[in-house]
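>>> no sequence on this one, just coordinates:
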């Protein structure tokens, strides 16, 4: 699920909140479960979240990840997509 979330966040330049993510993924997931996935991704340094009113919008920390681990995120997501096929 977290790889799916990261893949969707990479597509959204302005970021997404939990509800938008589950809608794009077309999966029925309680908001609390999605929030838990987001928290784990945030605490591991993969995404950055900012508050916009009452919503928490997140995006992938692409520049920071590529600077520290060049090509790693792309490699992981490509391998994951191959497994999905």
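Yep, it's here. On a predicted model such as this, the values are computed, not experimentally measured, just so you know.

>>> Residue 59 - that's part of a helix, no?
No: secondary structure of residue 59 (DSSP: H, G, I helix; E, B strand; the rest coil): strand, not part of a helix.

>>> What sits closest to it if chain neighbours are left out?
Once flanking residues are discounted, residue 59 sits nearest to residue 15: 3.8 Å by CB to CB, 6 or more residues apart in numbering. Where you see a C-beta, it was placed from the backbone N, CA and C, and this is true even at glycine.

>>> mind showing which ranges of this protein have poor pLDDT?
Applying pLDDT under 70 to the chain picks out no residues at all.

>>> ok, now how distant is residue 75 from residue 12?
Separation of residue 75 from residue 12 (CB to CB, to the nearest Å): 21 Å.

>>> quick one, which of these two is more surrounded?
Taking neighbours as other CB atoms under 10 Å, residue 75 and residue 12 compare with residue 12 leading, 15 against 11.

>>> quick one, phi/psi of that one?
phi -100, psi 100 (degrees, to the nearest 10).

>>> in the chain, which spans are helices?
2-11, 18-25, 31-43, 62-68, 72-84 (DSSP state H).

>>> For the third one, which outside residues touch it?
Meaning helix 31-43. Helix 31-43 has contacts (CB atoms under 8 Å, 6 or more residues apart in numbering) with 1-2, 5-6, 18-19, 21-22, 47-49, 56, 58.

>>> Select only the buried ones of these in PyMOL?
In PyMOL syntax, the buried subset of the contacts of helix 31-43 is picked out as below (16 or more other CB atoms under 10 Å):
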select buried, resi 5+6+18+21+22+47+48+49+56+58
